[in-house]
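K.L.:
Test case, fold it:
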Amino acid sequence: MNKNISPFGVPVPKGFGRVQGEDDLQCRKPFTFEKIYSIISIPTISTLVKKEILLESRQQHSFFGILLYVACTVFVLYLSIGQPEATVWNGLFWTNLLFIGINAVAKSFLQEGRGRLLYYYTIASPTDFILSKIIYNLILMSMMCLITLMLFSFFLGTPFNSRLNFIGCTLLGGTGISLVFTFLAAITEKANQNAALMAILGFPVIIPQLLLLIRLSKYAFGEIFRDYALWQMVLLLIGLDIMILALSLILFPFLWKD
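P.N.:
Model (predicted):
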């Protein structure tokens with residue numbers, strides 16, 4: 001077997017599978033936020049992201065299952081209520097994205113068995129591993145957001161006035177949802193994949209984001225905001241995303257150590 005090829009068929013960067021020494025053991029220890037830049041390995045993260053994409057391409061039933069869920073949900077809504085008014089349309093859209101995020105992102109750790117996680121432990125730092133999960137889930141959730149928006153626009157109409165503003169709000173919301181559920185999936189994986197734990201932890205975190213996103217997206221429907229109020233909501237959402245990302249990078253090594 002070629003030493004430069006991983007078991008997943010992805011090229012391994014130079015130094016990716018090095019033997020653990022004293023320096024590696026230091027990387028395994030919990031770290032502070034100031035040490036992140038010295039631990040991150042771009043080639044390792046790139047390889048792990050490629051691994052995620054390769055596994056997803058081999059297990060297409062998962063991806064197309066989510067697409068089928070999105071299409072069926074939108075079509076049933078169309079048969080039930082036709083083309084609703086803007087307020088109803090907006091609420092249904094973000095509710096669908098919430099459940100899509102749970103199905104698409106929260107499963108990211110379910111396919112990782114204990115043996116595979118042990119293999120990752122020997123070749124990558126916890127920062128590289130969680131960042132690869134975050135990047136892949138961000139790409140996946142962005143795709144799902146755009147597909148959902150296309151289906152909603154086709155079946156339920158387009159009641160918003162500014163398409164670009166709503167697309168930007170959708171991508172911002174998809175980023176927040178993917179970050180939250182990636183972090184929660186990492187926690188629940190260490191709790192024997194307890195789905196109830198994810199619901200309990202996720203409710204107080206995701207509800208404020210959804211309320212902000214619903215409020216912010218009304219700008220695309222023609223609602224007028226004060227100048228500072230609009231940017232205040234945008235910066236608040238970005239701040240919440242940065243907070244979740246920082247918590248993931250700081251707290252995940254403690255879970256990784258176990």
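K.L.:
Secondary structure element holding residue 50?
P.N.:
Per DSSP states H and E, residue 50 falls inside helix 42-58.
K.L.:
And the helices in the chain?
P.N.:
Assigned by DSSP state H, the helices in the chain fall at 22-28, 36-39, 42-58, 60-81, 86-104, 114-123, 126-156, 163-190, 195-217, 227-257.
K.L.:
export the ones you listed to TSV and tack on mean pLDDT and mean neighbour count?
P.N.:
For the C-beta atoms, the positions are set from N, CA and C on the backbone; glycine is no exception. Shown next, in TSV, are the helices of the chain (pLDDT from 0 to 100; neighbours: other Cβ atoms under 10 Å):
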stretch	mean pLDDT	mean neighbour count
helix 22-28	44	11
helix 36-39	56	12
helix 42-58	85	17
helix 60-81	87	14
helix 86-104	89	19
helix 114-123	78	13
helix 126-156	91	20
helix 163-190	89	21
helix 195-217	84	16
helix 227-257	87	15
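K.L.:
contacting residues for the residue nearest to residue 104 when sequence neighbours are not counted?
P.N.:
Nearest non-adjacent residue to residue 104, counting by Cβ to Cβ, 6 or more residues apart in numbering: residue 66, 5.1 Å away. Shown in contact with residue 66 (Cβ atoms under 8 Å, 6 or more residues apart in numbering): 100, 103-104, 144.
K.L.:
Farthest-apart pair in the residues you listed, please.
P.N.:
103 and 144 (9.1 Å; Cβ to Cβ).
K.L.:
where does residue 225 fall, phi/psi-wise?
P.N.:
In terms of degrees, to the nearest 10, the main-chain angles of residue 225 are phi -120, psi 160.
K.L.:
what sits against the closest residue to it other than its chain neighbours?
P.N.:
Nearest-residue entry for residue 225: residue 219, 5.9 Å, with adjacent residues in sequence omitted and distances by Cβ to Cβ, 6+ apart. The contact partners of residue 219, by Cβ under 8 Å, 6+ apart, come to 162, 165, 169, 225, 230.
K.L.:
Roughly how far does residue 219 sit from residue 249?
P.N.:
31 Å (Cβ to Cβ, to the nearest Å).
K.L.:
Equivalent analysis for residue 124, please.
P.N.:
Relative to residue 249, and taking Cβ to Cβ, residue 124 is found at 14 Å.
K.L.:
now swap in residue 234 and tell me
P.N.:
23 Å.
K.L.:
Nearest the geometric middle of this structure, what residue?
P.N.:
What sits nearest the mean C-alpha location of the chain, by Cα atoms, centre = their mean, is residue 178, with 2.2 Å.
K.L.:
wait, it sits on residue 105?
P.N.:
Yes. Using Cβ atoms under 8 Å, residue 178 is in contact with residue 105, at 5.1 Å.
K.L.:
Now do the shared contacts for these two.
P.N.:
With Cβ under 8 Å, 6+ apart, residue 178 and residue 105 have common neighbours 137, 140-141.
K.L.:
out of those residues, who's nearest residue 54?
P.N.:
residue 140 (13.7 Å).
K.L.:
wait, the closest one sits on residue 105?
P.N.:
Yes. In this structure residue 140 lies within contact range of residue 105 using Cβ under 8 Å: 6.9 Å.
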